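Asks: Following is a predicted model, sequence given first.
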Amino acid sequence: MRSLGKYLIFIKSLFVRRESFRTYISLIFEECIKIGYDSVFIVAIVATFMGAVTTLQTAYNLVSPLIPSYIISLVVRDMTILELAPTIISIVLAGKVGSNIAGELGTMRITEQIDALEVMGINSSSYLVFPKIVASLIMYPMLVIFAGFLSIYGGYLISLITGVVSGYDYVYGLRYEFIEFNVTFAIIKGVVFSFLIASISAFKGYYTVGGALEVGKASTNAVTSSCIAILCADYVLAKLLVG
């Protein structure tokens, strides 16, 4: 409870004594490049193979002749949009982006750069952390949409290569009884997960105490805590929105 209270106070500190809006614009653009653009490659690789493997495993398990083949792509579609794209990609990004945020802020803390900002009268938490959270809220939903598209397309490519399902049946299954709200649900997940990853990782890094060894521990704790928070939030959102 003490850590939770400290975390909530940390979030509150982001909105007091803020800098000018123009200052945050340039910082947010820089963070968007580091968080979003630099993560495109790993997201593309993970999403494409995730869709391909899901298609093959679904086809392997649906061996009954009574089940139409287009059910394979229907399962891939719903699994990708509802769970794989927002949740798995967020866990991957928690390892990449979250550890980077915690390590960056932890290094600034132990080298007294954060203390120097405070001496100059700058709210260091708002100046350093707020742009990261805003950039995450902007870029993560885009990466989720990108991952969902590549995952479904990866399943389509592997279906054509292996012949587990025809291209026509795969596309038909994608369109069959499609629920538009599932896409909205995935985007909502992306927004919530992005806030959790950025804020928790920044919290762990900002309050790092010690030396270089503690920076590594802070990065590890940030990834672990972010993954646990993602899974808990995933359950709560599923219960509230589709339960």
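Replies: Perfect, thanks for sending it. Every value quoted in this text rests on a predicted model; they were computed, and no experiment measured them. Numbers count the residues shown, from 1 in each chain.

Asks: nearest residue to the residue sitting nearest the centre point of the chain other than its sequence neighbours?
Replies: Nearest residue to the geometric centre of the chain (C-alpha atoms, centre = their mean): residue 90, 2.7 Å. Distances taken as C-beta to C-beta, 6 or more residues apart in numbering put residue 193 closest to residue 90, at 4.0 Å, once the chain neighbours are dropped. Any C-beta I mention is one placed from the backbone N, CA and C, and that applies to glycine too.

Asks: do the same with residue 95
Replies: Per C-beta to C-beta, 6+ apart, closest to residue 95 is residue 223, 5.3 Å.

Asks: contacting residues for the one you found?
Replies: 94-95, 98-99, 102, 201 (C-beta atoms under 8 Å, 6 or more residues apart in numbering).

Asks: quick one on the thing from earlier: next, give phi and psi for the residue nearest to residue 90.
Replies: Dihedral pair for residue 193: phi -60, psi -40, per degrees, to the nearest 10.

Asks: Measure how buried it is and give me the count.
Replies: 27 (other C-beta atoms under 10 Å).

Asks: Residue 141 is in contact with that one, correct?
Replies: No: counting by C-beta atoms under 8 Å, residue 193 stays clear of residue 141, with 9.4 Å between them.

Asks: quick one: which of the contacts of residue 223 is nearest residue 85?
Replies: Using C-beta to C-beta, residue 94 comes nearest to residue 85 of those, at 14.7 Å.

Asks: ok, and the closest non-adjacent residue to the closest one?
Replies: residue 226 (4.1 Å).

Asks: ok, that neighbour to residue 95 distance?
Replies: The gap separating residue 226 from residue 95 is 9 Å, by C-beta to C-beta, to the nearest Å.

Asks: between the two, who's got more neighbours?
Replies: Neighbours per residue, other C-beta under 10 Å: of residue 226 and residue 95, the larger number sits with residue 226, 28 against 17.

Asks: can you tell me which helix or strand that one belongs to?
Replies: Per DSSP states H and E: residue 226 is located in helix 212-237.

Asks: Could you give me the buried positions within that helix?
Replies: Buried residues in helix 212-237, counted by 16 or more other C-beta atoms under 10 Å: 215, 218-219, 221-223, 225-227, 229-230, 233-234, 237.
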